[in-house]
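Peer 1: Kindly generate the corresponding structure for this input.
(one chain, ligands or ions: 1)
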Amino acid sequence: MTRPLITSAQNTWCPGCGNFALQHTLKNLLSDREKEGKSLDDVVLVSGIGCHAKIADYLNINSFYSLHGRAIPAATGIKLANPALTVICCVGDGDAYAEGLDHLIFAAKRNIDITVIVHNNRVYGLTTGQYTPTSPLGFKGKSTPSGTAEYPLNPVELMLASGAGFIARGYTRKMDLLKGLIREGIAHRGFAFIDVLQICATFFPATDYYDSHVYELPATGSGNFEAACALAREWDYNSDARIALGTFFTRVSPSFEERMIPVPVRKEERERAIQVLLEART
Ligand code: SF4
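Peer 2: Okay, the predicted model is just below:
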């Protein structure tokens with residue numbers, strides 16, 4: 001019998017928030033995993049701080065609610081402690097591209113086998129509407145009433161430059177595509193990055209803009225770095241260009257934990273090692 005995957009915690013997201021789409025996409029993926037006979041005990045969800053982070057309260061799986069910008073190092077530690085786990089890391093654009101930017105770059109560089117999903121609503125929603133690194137030039141929010149005076153960051157380009165082995169972009173109003181991308185990211189052996197254009201219904205309601213600009217890439221899984229760079233630059237988070245959705249780049253290489261732990265950690269070995277540690281403490 002499968003367990004309920006949505007908890008009874010009161011949901012405080014605004015009506016129309018794109019976080020619901022991400023929550024239900026993950027729920028459906030977890031449900032598929034159970035139907036395939038795989039245990040959900042081997043899955044850990046790590047979140048940062050922000051509206052997105054409440055997903056750790058709302059999904060009924062092992063989770064770790066970390067500090068702002070520090071979800072990726074927490075996820076890295078969990079994966080290193082037990083490489084057999086599937087580690088999914090949900091972060092916001094403020095989390096990943098501002099406070100925790102160095103952690104994102106180094107996780108990609110190290111190729112730690114975790115899946116990072118960025119709930120990129122391009123605004124600080126929890127703190128009521130300040131601009132983030134992906135807000136467009138001229139964005140008017142609480143901290144920039146006259147509009148921002150800086151260009152946004154291009155996360156796909158940044159991840160290409162950082163050495164990420166799986167780079168994709170999804171959209172919360174294309175849930176089937178999103179589910180496929182997250183499934184691909186989890187299956188990828190090594191660091192997987194999925195930037196998700198997420199609607200913030202209250203502070204960045206960009207539904208019409210995204211709906212009229214997104215298109216799906218015809219094929220996935222290209223290992224052509226130059227082609228991926230050109231595609232990443234097609235839309236720079238500020239222009240009126242078309243917005244590609246799908247997998248920009250894939251490349252498989254040994255993961256960080258494979259290089260750190262050359263032999264697979266078996267359960268018995270791990271338990272023996274923990275026992276030794278516990279005895280050493282007493
Ligand atoms: Fe969602 Fe925006 Fe409301 Fe936060 S402020 S819950 S991101 S709609």
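Peer 1: show me where pLDDT drops low in the chain?
Peer 2: Within the chain, the ranges that satisfy pLDDT under 70 run 1-2, 220-221, 261-282.
Peer 1: residue contacts, the spatially most central residue of the chain?
Peer 2: Centroid-nearest residue in the chain, with CA atoms, centre = their mean: I117, separated by 1.0 Å. Residues in contact with I117 (CB atoms under 8 Å, 6 or more residues apart in numbering) are 22, 88-91, 182, 185, 194, 196. All C-beta atoms are positioned from the backbone trio N, CA, C, and that covers glycine.
Peer 1: Please flag which of the residues you listed sit within helices.
Peer 2: Per DSSP state H, helices hold the following members of the contacts of I117: 22, 182, 185.
Peer 1: Just to check, the first one is in contact with Y58?
Peer 2: No - with contact taken as CB atoms under 8 Å, L22 and Y58 are classed as non-touching, separated by 10.3 Å.
Peer 1: quick one: the strands in the stretch 51-200 of the chain?
Peer 2: Using DSSP state E, counting those that start in this stretch, the strands found in the stretch 51-200 of the chain span residues 62-65, 86-92, 115-120, 166-171, 192-197.
Peer 1: export the ones you listed to TSV and tack on distance to the ligand?
Peer 2: Formatted as TSV, the strands of the stretch 51-200 of the chain follow (distance: least, CB to the nearest ligand atom, whole Å):
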stretch	distance to the ligand
strand 62-65	16
strand 86-92	8
strand 115-120	8
strand 166-171	15
strand 192-197	12
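Peer 1: Mind checking those for the one nearest to A98?
Peer 2: Proximity to A98 (CB to CB) singles out strand 86-92 among the strands of the stretch 51-200 of the chain, at 9.1 Å.
Peer 1: Given the closest one, what are its sheet partners and their directions?
Peer 2: The pairing partners recorded for strand 86-92 under DSSP bridges are strand 43-47 (parallel), strand 115-120 (parallel).
Peer 1: still on that earlier bit, what's the PyMOL line that selects buried ones from the ones in helices among the contacts of I117?
Peer 2: Buried members of those, defined by 16 or more other CB atoms under 10 Å, are picked up in PyMOL with:
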select buried, resi 22+182+185
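Peer 1: Near the ligand, which residues of this protein? Just list them.
Peer 2: 13-14, 17, 19, 51, 121, 125-126, 200-203 (CB under 6 Å from any ligand atom).
Peer 1: redo that, cut-off 5 Å
Peer 2: 13-14, 17, 51, 125, 200-202 (CB under 5 Å from any ligand atom).
Peer 1: all helices for the chain, in order.
Peer 2: Counting by DSSP H, the helices of the chain are 19-35, 55-58, 71-81, 93-94, 101-110, 155-162, 175-187, 207-213, 225-234, 256-260, 267-281.
Peer 1: gap between the fourth one and the chain center?
Peer 2: Relative to the mean C-alpha coordinate of its chain, helix 93-94 is positioned 11 Å out (CA atoms, centre = their mean, to the nearest Å).
Peer 1: That concludes my questions; thank you for your assistance.
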